[in-house]
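sequence and predicted structure, then a few things I'm wondering about:
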Amino acid sequence: MSSAGGAEDVWQRVSQCWSVLDDLSRNDPAAYRALIQKQMEEGAEFTAPPELDSRLCTEILEPTKGLLYINICSWKRVPAPQDPSKPLPLCAGKLETDTNKSQGSYTVLDVALNPAVLKESTKDKTEVYILALSFAQQQHGLSLSQKYTVISFSPKSSPDDLRRRLGLRQWPDTSKLPDTASQTPASLLQQIASLRSEKQDDDMAAQVICRPSEPKKKDLIQVISATFVQPQKPEHRLEVKTDTAGVPRSMALTVELPKVCSMSECQLKISKDDVLLEVEDVYYLLLEFPKTVNEDTASAIFNKKKRRLVLKVDVV
């Protein structure tokens, strides 16, 4: 009963909306046209594709060596930052890896920010570049070179490539839509809905992700290095424990973390094949196990006095 009532309420509101538009189109055609045109323009602006702003190139050191190209894009769909002290929204597409004869293996990543962010950093985009590199390293488990280069060309950076990796479909050309004054309210509502429905596109590959952004300081740009600081690979030791017959039964990974005060600073991810340990901007360790392990048996203990992490896991 409640579902039927809810559906009836929706249809009643839609009918009322159509009725209001019908009355407006008959009594004030100019106002009707202006209202519809505004709605169409807002929908078209939201669905405008990202625009390429600049390109970076750096080297991937781990897990697989190769070049990484990052396309910095301007995109109105990404929210503008509301407060310099709050996280800075960015949007990233899927990683795409390919090879060619001259470069060998390379990877492409698209990172989009609100146009206001890029406009504010027109003279020096160092902060934006460091943010993009940090995102690639932290979100995709990449270990990158300490140096990057701003380039004028990168592979697979055409508008169609950006749309594909960001999960966008080709948007309708609103300039070719029929004259709004000659259309019925129902048909116009359908067109507006088709433009705005992309807001709930569940198939989008891109997701808005917030990363901390420090408040602006007067001399912030002057003190930032032009190179990307790579987290250190900590000292570690991996031991395979065997039984009396010499059969591997478990593994113990010991990691020295002198710059860490608490286990809460560590991000630890383990699979049957490898383990990833990250301490933001400080340490990064990606290690493959010599034997397949049962990740459900993993346990980790951090010794605050010795600043040492010990991970134990059983071998399958």
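Okay, I see it. Numbering: from 1, shown residues only.

ok, which stretches of this structure are helices?
2-27, 29-46, 115-120, 126-140, 159-165, 185-196, 220-223 (DSSP state H).

low pLDDT regions in the stretch 1-150 of the chain?
Along the stretch 1-150 of the chain, the model assigns pLDDT under 70 to residues 1-15, 39-47, 84-85, 102-103, 122-123.

quick one, grab the pLDDT at residue 186.
Reading off the confidence values, residue 186 has pLDDT 53.

for residue 173, same thing?
47.

quick one: low-confidence residue ranges for the stretch 201-316 of the chain.
Applying pLDDT under 70 to the stretch 201-316 of the chain flags the ranges 201-230.

strands along that one, start to end?
207-211, 236-242, 248-256, 267-270, 274-279, 283-288, 293-303, 308-315 (DSSP state E, counting those that start in this stretch).

got TSV for these, with mean neighbour count and distance to residue 20 too?
From N, CA and C alone the C-beta is placed, and that goes for glycine too. Compiled in TSV, the strands of the stretch 201-316 of the chain are given as follows (neighbours: other Cβ atoms under 10 Å; distance: least, Cβ to Cβ, whole Å):
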stretch	mean neighbour count	distance to residue 20
strand 207-211	13	34
strand 236-242	13	68
strand 248-256	17	66
strand 267-270	16	53
strand 274-279	19	55
strand 283-288	19	59
strand 293-303	14	59
strand 308-315	19	65
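
tabulate the ones you listed in JSON lines, adding columns for distance to residue 159.
Below are these laid out as JSON lines (distance: least, Cβ to Cβ, whole Å):
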{"stretch": "strand 207-211", "distance to residue 159": "21"}
{"stretch": "strand 236-242", "distance to residue 159": "45"}
{"stretch": "strand 248-256", "distance to residue 159": "45"}
{"stretch": "strand 267-270", "distance to residue 159": "35"}
{"stretch": "strand 274-279", "distance to residue 159": "34"}
{"stretch": "strand 283-288", "distance to residue 159": "34"}
{"stretch": "strand 293-303", "distance to residue 159": "42"}
{"stretch": "strand 308-315", "distance to residue 159": "46"}
